[in-house]
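Engineer: Sequence plus the predicted model coming up.
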Amino acid sequence: MSRRTRAVAFLLAAILCALLAAAVAGRYRSRVEAQYGALRPVLVAADELPAGQAIGPEQAHSALVVRRVPESFVPPGALIRVTDAVGRSPGATIPAGSYVLGAQLALPQPKSPRAPGVGEGLRPVEIPVAGAEALLVGGGSPEGSRVDVVVSQQSGLGRTGRAYIAASGVRVLALKQPGEPGEGWSATLALTEQQALALIGAQSATREIRLLPRP
């Protein structure tokens, strides 16, 4: 047998072996899929993911890998892409080799704006107010601004209508919008004891309390 003939024979044998291997692998894959379901991508932790530490882009591509496993082995809520975990932090440590579930990761919570201080000798008092929409004009936050508190009394039954400033230049600590139909606005103000008693008395007398923004 010539050298060329042997080379052709070896080539044909290699092709035949490759075809047989592909056929065996195909049959095996078919049996596995029939028994355990089709292969699905799933995100797996290649390295340990510490609790409370946000997963950055670099860490995500080095510490996370996507693998294909039978469908019956995939737990509910398993992530399928590396990008699904970026920017989120584990609630508990995820060991290396574990599936990464959406329920294990939390989105970072925005930091709440720091409430303005009450001030020495003052106390926070929440009172219902009218016309609070004026504090929102311009799109700024009313918290921390100063207002004049006006109390008005309607005329009737022998009473003369009047309005007066019950507190001047007080600081707004919080402003609460109506939550349900029929509810009104309320404001938490930093007041002295005397101002608080005066406004609480006006509220008890069903007088209208209005906040006027200071220029």
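Structural biologist: That came through fine. Residues are numbered from 1 along each chain as shown.

Engineer: mind giving me the domain ranges of the chain?
Structural biologist: 36-107, 123-213 (automatic domain parsing).

Engineer: mind checking which of the ones you listed is nearest Ile15?
Structural biologist: Smallest distance to Ile15 across the domains of the chain (CB to CB): 26.9 Å, for domain 36-107. Heads up, the C-betas are built off the backbone N, CA and C, glycines and all.

Engineer: before we move on, the earlier item: TSV please, covering the domains of the chain and showing mean neighbour count, mean pLDDT and distance to Ile15.
Structural biologist: Below are these laid out as TSV (neighbours: other CB atoms under 10 Å; pLDDT from 0 to 100; distance: least, CB to CB, whole Å):
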stretch	mean neighbour count	mean pLDDT	distance to Ile15
domain 36-107	15	89	27
domain 123-213	15	84	73
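
Engineer: mind putting these in CSV, distance to Ala14 included?
Structural biologist: Putting the domains of the chain into CSV (distance: least, CB to CB, whole Å) gives the following:
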stretch, distance to Ala14
domain 36-107, 28
domain 123-213, 74
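
Engineer: Contact partners for the residue nearest to Arg162 when sequence neighbours are not counted?
Structural biologist: Leaving aside its sequence neighbours, Arg162 sits nearest to Gln153 (CB to CB, 6 or more residues apart in numbering; 5.5 Å). Listed by CB atoms under 8 Å, 6 or more residues apart in numbering, the contact set of Gln153 reads Arg159, Gly161, Arg162, Ala163, Ala205, Arg207, Glu208.

Engineer: Next up, identify which helix or strand the residue lying closest to Ala202 once chain neighbours are set aside is on.
Structural biologist: Sequence neighbours aside, Val151 is the residue nearest to Ala202 in space, at 4.5 Å (criterion: CB to CB, 6+ apart). In the assignment (DSSP states H and E), Val151 maps to strand 146-153.

Engineer: Show me the helices in this structure, by range?
Structural biologist: Taking DSSP state H to define them, one finds helices in the chain at 3-36, 57-63, 193-204.

Engineer: contacting residues for the residue nearest to Ala202?
Structural biologist: Val151 touches Ala163, Tyr164, Ile165, Ala166, Ala198, Leu199, Ala202, Arg207, Glu208, Ile209, Arg210, counting by CB under 8 Å, 6+ apart.

Engineer: and with 6 Å instead?
Structural biologist: Ala166, Ala202, Arg207, Ile209 (CB atoms under 6 Å, 6 or more residues apart in numbering).

Engineer: Please name the residues that touch Glu126.
Structural biologist: Going by CB under 6 Å, 6+ apart, the list of residues near Glu126 reads Ser186, Thr188.

Engineer: Quick check: it vs Leu189, distance?
Structural biologist: As judged by CB to CB, to the nearest Å, Glu126 and Leu189 stand 8 Å apart.

Engineer: Is Gly131 in contact with Arg210, as I believe?
Structural biologist: Yes. At 4.7 Å, Gly131 counts as touching Arg210 under the criterion of CB atoms under 6 Å.

Engineer: okay, how far is it across stretch 69-86, tip to tip?
Structural biologist: End-to-end distance of stretch 69-86: 22 Å, with CA to CA, to the nearest Å as the criterion.

Engineer: Residues contacting stretch 200-215, please?
Structural biologist: Under CB under 6 Å, 6+ apart, the answer for stretch 200-215 is 127, 129-132, 135, 146-148, 150-153.
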